[in-house]
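J.: For reference, the sequence and a predicted model appear below.
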Amino acid sequence: MIVGQALRDPQRELTVFRNRLMVAGVAILAAFALLLARFVWLQVVQREYYHTLAEANRISVVPVVPNRGLILDRNGTVLAANYSAYTLEITPSRVQNVDRAIDELAKVIEVSARDRRRFRKLQEESKNFESLPIRTRLTEEEVARFAVNRFRFPGFEIKARLFRSYPQGEIASHAIGYIGRINDADLKRIDAEGLGTNYKGTDHIGKLGIEGAYENELHGVTGSEQVEIDAGGRAIRSLARTEPQSGNNLVVTLDLPLQKIAEEAFGDYNGALVAIDPHNGDVLALVSRPDFDPNLFVDGIDPQNWDALNNSPDKPLNDRALRGQYPPGSTIKPFMALAALELRKRSPQFTISDPGYFTLAGVQHRYRDWKKGGHGMVDMHRAIAVSCDTYFYGLANDLGIDAIHDFLGRFGFGSPTGIDIEGELPGLVPSPEWKVQRFRQKWYAGDTVSVGIGQGYLLTTPMQLAAAVATLANGGVPVRPHLLKAVQDAKTQELHPYVPAERTDTPIVKPGNLAIVLSAMVDVTRPGGTAAQLGAGAPYSIAAKTGTAQVVGMKQGERYDEKRMKREHWDHALLIAFAPADDPKLALAILVENGQHGGSTAGPIARAVFDYFLLGKKPAKPPAPAPEGTPDQEHD
Amino acid sequence: MISRIFDFLARRIDGPLMAALALTLALGLVVVYSASGGGSFERVGSQARNLALALCALWVFAQVHPQTLMRVALPAYLAGLALLVGVALFGDVRNGARRWLNLGFTTVQPSEIMKIAVPLAIAWYFHRHEEGPRLRDFALAGVMVAVPVALIARQPDLGTALLVFASGFYVIFLGGLSWKVLLSLAAAAGAAVPFVWPMLHDYQRQRILTLLDPMEDPLGSGYHIIQSTIAIGSGGILGKGWLNGTQAQLDFVPERSTDFILAVFGEEFGLVGIAVLCALYLLIIVRGLMIAANASTAFARLTAGAITLTFFTYAFVNMGMVSGILPVVGVPLPMVSYGGTALLSVLAGFGILMSIATHKQLVSS
């Protein structure tokens, strides 16, 4: 083949070839130099940057949620606890068609209609990338069954979570409160308080009651775990772990057996009861009837239960003890009497002749006494014992609204008691300025007369009445009610008792004046008093005052006739009391909605509570107070 | 006895080239072991079998006389072309590309054959005009390159098309096409870019855009290149150690045992490792160029030069792509990446190179 190519010039061609090789060689060296420069740039100059990126790739910091602190009653009985359970959760953003996926899931494990409704509600309230439970409390078998089918459900995940449970159910639910899923408002508050980091991984927060007020104690400190993950996000191994610190346990002042007896004593009545230890302000029972099961809120309440609670005419979610503002009725009379004594507007001996009504000078209107024909000769002691309205109409008129406003303010009326859970309302002690501002009307002398018997514009909460009667029981030294008894440190298990914010030992009334009023209050529970039934046969003495709060106003000359009125228009019954009268251990305020007569409906409730607390006696049967057939003269 | 076996095996084997190849291949096995997750010899074992086959091919090609090769150059080229047409008509589709042809008893990837057949055929053609190829010959050679390249690019297999084009182009370049023509062709190619751009597949365009700004789509088209640069960069000077690359071992580097194996290597062996690998490649290339320079016939010279330069292109394109200075095209790292086909064609090429190195005395005599 080579033969016969005569004209070729091998030497020249070889030179061209070798020149071209040289060029190629130089290009190759340049190319390798370029590559090397690139690698030096990446691996030397930019090494730190890429190292950081590589670490960020492989290390995922996972929050480790702390155990929430327990809530215990004063005897150590658990009111709120945690249990661990499996949940099946869906991250909606990772599922194409959530509804269809849930249909598929229902073929593997049971998904009830309630689960679906609750999930839909959660979905509406949450962001798409959040992991939301479709099923809670899965059994081991269900977990296993799902695990087998897991590949069919991307975006579904089994998680072991701690759940809150309230073993006492509805008992003391208003005081304990509940936890619920963190919503946007909670999130804003958490961020505002700078707690955002501590709430990473937490999806529940205390909403009401103790759970809400002591959230910071109960929550604990979130730990973290550095986990090495692969590109698929699967955890390979744990690199480092900071243990979370459990929340502190809370011991509350409630006495569960007492609470139960108090709640049962209400029978079918709605209302509220606050029981306070007058020496230290411990709230031993805090009842608001009806109550609710806080367990419903833990996994997110389903719409059906929510509607039932929210739309019930009985308003079970309303904490009547703190948020119910009622006219105090005659229960205000001991405080009015004290005001008159302190301000020297009345002496104990001052006596009136009660014709059954009171009139202001130059005005025709008759302010009627509850008793037709009046009580005859009435001094202060008797006025309290028989609850004479006429006496207090005149007394209030002589005191004047400004003095009443100031004096009732000293006992805490018109402002929150400062109890350590949220939502408390302030009630109302009216003043001329208030009336001008509220109604653009001037204050009339008649307004003051009504306030004298706890009607008119005056409003109090059961909590305020309880704090005020506890103050009477405490020798006139103000009592600040509180629910926290002690915080048990999660680490050291030490108990740190509750320290009241401010404490005074100075009585706000003179002991002599107080003694006059208290002796009259003791006679309230003796034969002839308005709550004689309450004191009957008790081996201890009780100081008390009954009251009635009108639900609908009566026209002049109209007669209150319960038989012709709807039940929800019946008067509310009130009672304040403490016992033993000579050595007070427990002070109570009771409100029975539509209970009509303080002595007959609130009285048995008070008696059941006192009997248990002072004697350890449990009621043989629920002392359901009968609204019918009450003695007529025992009105108020 | 043993020495006789050794003599037999070492027949027509170029010592320095073989030593550099052996070191690189050994290094490759070490990296493949790590890139397959470590703890299992499954991939390494399979790669070792590929390697054994490829070394046989190397040895066989080293024994074949260049004259013989020259004789089969054109038939091989035509057969390859026919197979490529066959692929275009009846090929199997895998991973969205039509690259394989089922011959009944085996499946072949004809584009791999062309990596060797194209330079051989053009070298043969130029050799026939040893008075020096004229412009007309260069033009015909250009057609001989363009037809298979177009067929391969259509499959689509841009990486192989690029390498086949390179192998043919190097013969034309070494054959002495004048600089004037080369430069005007380069200018023409530059001017053609706006016309070629719309003809590219979407994913091909995306790869080029990704090179310019990988962060534009960090979880999509930019993911490969971002993760591989992180792997290499985080390796630093000394590397994280064999089997200790987090990017590699935790699956962040995609295609880590094939096209992106350099990211694993760079992460675990650092800049030092990369420098060693580059040095080995350079040794091989320098040795190849020396063989080309000393070859005795035009066919041998052109073939040896083209094979060596194609090998360089292999290495450069892969390293450039994994380190983020070239667009992502499917080119493995020669003699390191897992996979049998590329290994076979590369080592077969080196067999030819050795044949040329050891047969020159015979020709000149």
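T.: That came through, no problem.

J.: in the chain, which residue is closest to the centre?
T.: Let's take chain A. With distances taken as CA atoms, centre = their mean, residue A:209 lies nearest the centre of chain A, 2.2 Å away.

J.: actually it's chain B I care about, not the one you picked
T.: Centre-nearest of chain B using CA atoms, centre = their mean is residue B:314, 4.1 Å out.

J.: check contacts around residue 327.
T.: No chain was given, so I picked chain A. If you count contacts by CB atoms under 8 Å, 6 or more residues apart in numbering or on different chains, residue A:327 has them with A:454-456, A:458-460, A:549-550. From N, CA and C alone the C-beta is placed, and that goes for glycine too.

J.: meant chain B actually
T.: Residue B:327 neighbours (CB under 8 Å, 6+ apart): B:207-208, B:210-211, B:321.

J.: rerun that using 6 Å as the cut-off
T.: Going by CB atoms under 6 Å, 6 or more residues apart in numbering or on different chains, residue B:327 touches B:207-208, B:211.

J.: Just the buried residues of those residues.
T.: Taking 16 or more other CB atoms under 10 Å in any protein chain shown as the criterion, what is buried in the contacts of residue B:327 is B:207, B:211.

J.: Please list the members of the contacts of residue B:327 that lie in strands.
T.: Among the contacts of residue B:327, no member falls in strands (DSSP state E).

J.: got the contacts of residue B:327 as TSV, with distance to residue A:87 and pLDDT columns?
T.: Below are the contacts of residue B:327 laid out as TSV (distance: CB to CB, whole Å; pLDDT from 0 to 100):
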residue	distance to residue A:87	pLDDT
B:207	44	77
B:208	48	76
B:211	46	73
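
J.: and which of the contacts of residue B:327 is nearest chain A?
T.: residue B:211 (12.8 Å; CB to the nearest CB).

J.: State the distance from the closest residue to the closest one other than its chain neighbours to residue A:531.
T.: Once flanking residues are discounted, residue B:211 sits nearest to residue B:327: 4.5 Å by CB to CB, 6 or more residues apart in numbering or on different chains. Per CB to CB, to the nearest Å, residue B:327 is found 95 Å from residue A:531.

J.: got the buried residues for the lengthiest helix in chain A?
T.: In chain A, taking DSSP state H as the definition, the longest helix is helix A:10-40. Across helix A:10-40, burial judged by 16+ other CB under 10 Å covers A:13, A:16-18, A:20-21, A:24-25, A:28, A:31-32, A:35, A:38-40.

J.: give me the subset of these touching chain B.
T.: Applying CB under 6 Å from any CB of the partner chain to the buried residues of helix A:10-40, one finds that A:13, A:16-18, A:20-21, A:24-25, A:28, A:31-32, A:35, A:38-39 fall near chain B.

J.: Using TSV, lay out those together with pLDDT.
T.: Converted to TSV, these look like this (pLDDT from 0 to 100):
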residue	pLDDT
A:13	79
A:16	88
A:17	91
A:18	91
A:20	93
A:21	94
A:24	95
A:25	95
A:28	96
A:31	96
A:32	97
A:35	96
A:38	96
A:39	96
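
J.: What residue in chain B comes nearest to chain A?
T.: Closest point on chain B to chain A, by CB to the nearest CB, is residue B:233, at 2.7 Å.

J.: To what extent is that residue buried, counted in neighbours?
T.: Residues lying near residue B:233 (other CB atoms under 10 Å in any protein chain shown) number 29.

J.: ok, now the one 3 residues further on?
T.: Burial of residue B:236, expressed as a neighbour count using other CB under 10 Å, amounts to 20.
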